[in-house]
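> all I have is the shape, not the residue letters:
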């Protein structure tokens, strides 16, 4: 992934001393990036969207891009 295209990060990070762990809830905005999945050597370009990162999951709120003339949209 072209990591230079991460635009905005927001969220909270907290340390729970009773359980000796870090809790976090982060949101990231991606704009006009390129993404290549290692098991599928096809680069998706113009990737933009919102991603939420928590200890138990990563959620794609909305993600769009293109591969040649095909448009790609991902949620969930």
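Structure received. Computed from a predicted structure; not experimentally measured.

> which residues does the closest residue to residue 28 other than its chain neighbours contact?
Nearest-residue entry for residue 28: residue 51, 4.8 Å, with adjacent residues in sequence omitted and distances by Cβ to Cβ, 6 or more residues apart in numbering. C-betas here are computed from N, CA, C, even on glycine. Residue 51 sits next to 27-28, 30, 58-61, 63 when contact means Cβ atoms under 8 Å, 6 or more residues apart in numbering.

> let's have these in TSV, adding pLDDT, secondary structure and distance to residue 42.
Formatted as TSV, the contacts of residue 51 follow (pLDDT from 0 to 100; DSSP: H, G, I helix; E, B strand; the rest coil; distance: Cβ to Cβ, whole Å):
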residue	pLDDT	secondary structure	distance to residue 42
27	92	strand	27
28	88	strand	23
30	88	strand	18
58	89	strand	21
59	91	strand	23
60	87	strand	18
61	84	strand	23
63	89	strand	16
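
> which one of those residues has the most neighbours?
residue 30 (21 neighbours; other Cβ atoms under 10 Å).

> I figured it hits residue 52, correct?
No: with contact defined as Cβ atoms under 8 Å, residue 30 does not reach residue 52; the gap is 11.9 Å.

> what is the mean pLDDT for the helix or strand residue 42 falls within?
Using DSSP states H and E, residue 42 sits within strand 40-54. The average pLDDT for strand 40-54 rounds to 88.

> start at 35 instead
New numbering, starting at 35: the last item is strand 74-88.

> in its sheet, what does that strand sit against?
Paired neighbours of strand 74-88 in the sheet (DSSP bridges): strand 55-71 (antiparallel), strand 91-101 (antiparallel).
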